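J.: Pasted the sequence and its predicted model underneath.
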Amino acid sequence: MRDINKIILHCTATPEGRDISAATIKKWHTDKGWSDIGYHYVVKLDGTVEDGRPVERQGAHVRGHNKNSIGISYVGGCDSSMKPKDTRTDDQVLALDELIANLMDKYPGSTLHGHNEFSSKACPSFDVQKEYEDIIEYFKDCNYE
């Protein structure tokens, strides 16, 4: 098993309201010559969490940080003009909260980040540290020993 110490959030950089699947993203990524979808999880507009690349395999979602991270992407992240916008639906927010909490519990000591913390991109189109401050603090204070 890989040593996971980061969970990194992304968006698909697709227009608000346009739902796509992990299979579609996998096609986009393999068409680029990648071996598989880059993300480990994709959260659709209705909150459905689809599996992407198996967690046991290194992702392809943040240059220099793939070895020890899990990549999660929510569908959306752009307005109709393709400008960055937090387009998460209420269902996506709930699904992300649950998925993030489960992963942080499963991988003690992991930290949570947005792609934009490692790149000049807007992705995931919101401030992960601010949005998930309570979850980050809760798991930082957990004693797993």
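T.: Sure, I can see it. What you are looking at is a predicted structure, and each value in this text was computed from that prediction instead of being measured. Numbering: from 1, shown residues only.

J.: Could I get the full set of strands for the chain?
T.: 6-11, 14-15, 41-43, 49-51, 69-74, 77-78, 111-114 (DSSP state E).

J.: and for the first one, what are the contacting residues?
T.: The set of residues external to strand 6-11 that reach it, using Cβ atoms under 8 Å, 6 or more residues apart in numbering, is 39, 61-62, 65, 68-78, 87, 96, 100, 103-104, 107, 110-115, 118, 123-125, 128. (C-beta placed from N, C-alpha, C; glycine too.)

J.: now the fifth one
T.: Contacting residues not belonging to strand 69-74 are listed as 4-12, 25, 38-43, 52-53, 55, 59-62, 88, 92, 96, 99-100, 103, 107, 124 [Cβ under 8 Å, 6+ apart].

J.: chain center to stretch 104-119, what's the gap?
T.: Centroid separation for stretch 104-119 versus its chain: 9 Å, with Cα atoms, centre = their mean, to the nearest Å.

J.: So for it, mean pLDDT?
T.: Stretch 104-119 carries an average pLDDT of 95.

J.: Between the two ends of that stretch, how far is it?
T.: Taking Cα to Cα, to the nearest Å, the span from the opening residue of stretch 104-119 to its closing residue is 22 Å.

J.: Tell me the buried residues in the longest helix along the chain?
T.: Using DSSP state H, we find that the single longest helix of the chain is helix 90-106. Neighbour-count burial for helix 90-106 flags 92, 95-96, 99-100, 103-104 (criterion: 16 or more other Cβ atoms under 10 Å).

J.: Return the distance of the lowest-mean-pLDDT helix or strand in the chain from the chain's centre.
T.: Using mean pLDDT, DSSP states H and E, the weakest-scoring helix or strand in the chain turns out to be helix 133-141, at a mean of 86. Centroid separation for helix 133-141 versus its chain: 18 Å, with Cα atoms, centre = their mean.

J.: ok, residue 5 to residue 110 distance?
T.: 5 Å (Cβ to Cβ, to the nearest Å).
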